[in-house]
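**Q** any chance you could fold what I've pasted below:
(one chain, ligands or ions: 2)
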Amino acid sequence: MSPDPSPYDAVLLVSFGGPEKPEDVVPFLENVTRGRGIPRERLEEVGQHYYAFGGRSPINDQNRAFLAALREDLAGAGIDLPVYWGNRNWDPYLTDTVRQMAADGVTRAACFVTSAYSSYSSCRQYRENLYDAVAEVPGAPVLDKLRLYFNHPGFVEPAVDATLAALADLPDDVREGAHLAFVTHSIPDAMNDGSGPESGAYVEQHRSVMTEVVERVRQETGRRHPHALVYCSRSGAPHVPWLEPDVNDHLAQLHADGAPAVVMVPIGFVSDHMEVVYDLDTEALATAEKLGLPATRAATAGLDPRLVAAVRDLLLERAAVERGEDVARASVGGYPACWDRCPVGCCPNPRAPERPALAGADT
Ligand SMILES: CC1=C(CCC(=O)O)c2cc3nc(cc4[nH]c(cc5[nH]c(cc1n2)c(C)c5CCC(=O)O)c(CCC(=O)O)c4C)C(CCC(=O)O)=C3C
Ligand SMILES: [Fe+2]
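**A** Ligands and ions are numbered 1, 2, ... in the order given. You can find the predicted model right below:
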């Protein structure tokens, strides 16, 4: 018998969006930063990162490939649901997708967001975007956001294997002593303080993933590699504190302290976004090279079949919950499986605390 996805009759992949050609870059950056007070110089700099890649972000192609993989996975499991895709900042925009879903007769969809952790930027802002899309479309389906999955085995296990593979890529004589630099997107300190139901969840959740990966790597190699959680892609005004240390400063410090090598493990990113291909592969690897510090970058989960299957697992788990059945929730490490509906007041919007959002305990 095929698994039962009811009450869902569709899946919606929700993502950030990115430019696809040079003319898209400025309007994309305007979409992302409207009302955010990002300094002009920072925008020009980030624009250059995109132009260096022909004005094309890797993120949309990653999502197209993920959609194809997800459709195949669901079909293979006998789950006959359409899978849609909508973005916050670029075509296909969420509102257009939700309009199409309504036209197709979708009544209730499970939403998988390409962002695994708590924080305003990585969780609530997507919930606001879902609210807005539903509010704009007459007859819109009900949209449920699948729970955060940073500690789902389908997200963590690919990171373990990627770390082992990146360690294996280091020269033999430096591998044993290599440091692991777990990298995620920096956010303002205040945004981290407000993240999750109990403050500081963004950093806590990353720490739990880091600890689990370090332990599983130890089980495979017999080595508990020294490690740290570090940050990339700092934005905002210089006087506003954001999470530190920056990955480049961390590499310089490791080198000064005599570390023989480093593996960067981008646990903050689901696939190879611009932050990964520019901030890590271009900038941070150049920093390491200049320092003479052997460095490799572990792969993101991307199209790993375990991540694709995790979407199916989360869909079926949530479907069972909505039908009133008991479920076992997969999770690894010290942080328990997350809530289905975000607690009231978690990850508040720093500029508009009253802005409505879907998928909360109060919506
Ligand atoms: C936590 C977090 C994630 C991870 C969760 C998630 O995945 O959502 C994330 C993802 C992404 N961020 C992205 C791009 C950008 N983020 C910016 C700006 C900002 N990001 C922030 C945070 C995050 N961002 C914040 C607090 C700002 C300041 C402005 C604001 O308060 O909103 C800017 C403006 C320029 C700049 O200042 O850097 C750009 C261009 C892309 C697309 C990449 C591609 O094209 O592949 C992706 C996936
Ligand atoms: Fe960002």
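
**Q** can you pull the contacts of Pro245?
**A** 228, 230-231, 253 (Cβ atoms under 8 Å, 6 or more residues apart in numbering). No exception for glycine: its C-beta is placed from N, CA and C like everyone else's.

**Q** filter those down to the buried ones.
**A** 228, 230-231 (16 or more other Cβ atoms under 10 Å).

**Q** inside strands: which ones of the residues you listed?
**A** 228, 230-231 (DSSP state E).

**Q** which one of those sits closest to ligand 1?
**A** Tyr231 (10.0 Å; Cβ to the nearest ligand atom).

**Q** tell me the contacts of that closest one?
**A** Contacts of Tyr231 by Cβ under 8 Å, 6+ apart are 183-186, 242-247.

**Q** any idea which of the residues you listed is closest to Arg88?
**A** His185 (14.6 Å; Cβ to Cβ).

**Q** what bridges to that closest one?
**A** For His185, the beta-bridge partners are Cys232 (DSSP bridges).

**Q** go ahead and confirm it touches Val276.
**A** No. Applying Cβ atoms under 8 Å, one finds His185 not in contact with Val276, separated by 10.1 Å.

**Q** joint contacts of the two?
**A** Going by Cβ under 8 Å, 6+ apart, residues that sit against His185 and also against Val276 are Phe269.

**Q** rewinding a little: ok, and of the contacts of Pro245, which contact ligand 1?
**A** Subset of the contacts of Pro245 in contact with ligand 1: empty, counting by Cβ under 6 Å from any ligand atom.

**Q** farthest pair within these?
**A** Tyr231 and Gln253 (13.4 Å).

**Q** just the buried positions in stretch 300-313, please.
**A** Those would be 300-302, 304, 306-313, for stretch 300-313 by 16+ other Cβ under 10 Å.

**Q** sorry, slip of the keys, the one I care about is stretch 183-198.
**A** Within stretch 183-198, the residues that count as buried by 16+ other Cβ under 10 Å are 183-188, 191-192, 194-196.

**Q** which one among the residues you listed gets closest to Asn349?
**A** Nearest member of these to Asn349, counting by Cβ to Cβ, is Gly194, at 9.2 Å.

**Q** ok, that closest one - contacts?
**A** 120, 347-348, 350.

**Q** at 7 Å instead, please
**A** By Cβ atoms under 7 Å, 6 or more residues apart in numbering, the contact set of Gly194 is 120, 347-348.

**Q** next one: Pro5
**A** 79, 81, 315-316, 319.

**Q** need the max-distance pair from those.
**A** Within the contacts of Pro5, Leu81 and Leu316 form the most distant pair, 10.9 Å apart (Cβ to Cβ).

**Q** how about the most centrally placed residue in the chain: what's its closest non-neighbour residue?
**A** Geometric centre of the chain, nearest residue: Ser115, 2.8 Å, by Cα atoms, centre = their mean. Spatial nearest neighbour of Ser115, chain neighbours left out: Ser122 (4.2 Å); criterion: Cβ to Cβ, 6 or more residues apart in numbering.

**Q** that neighbour: how many residues sit nearby?
**A** Using other Cβ atoms under 10 Å, Ser122 has 25 neighbouring residues.
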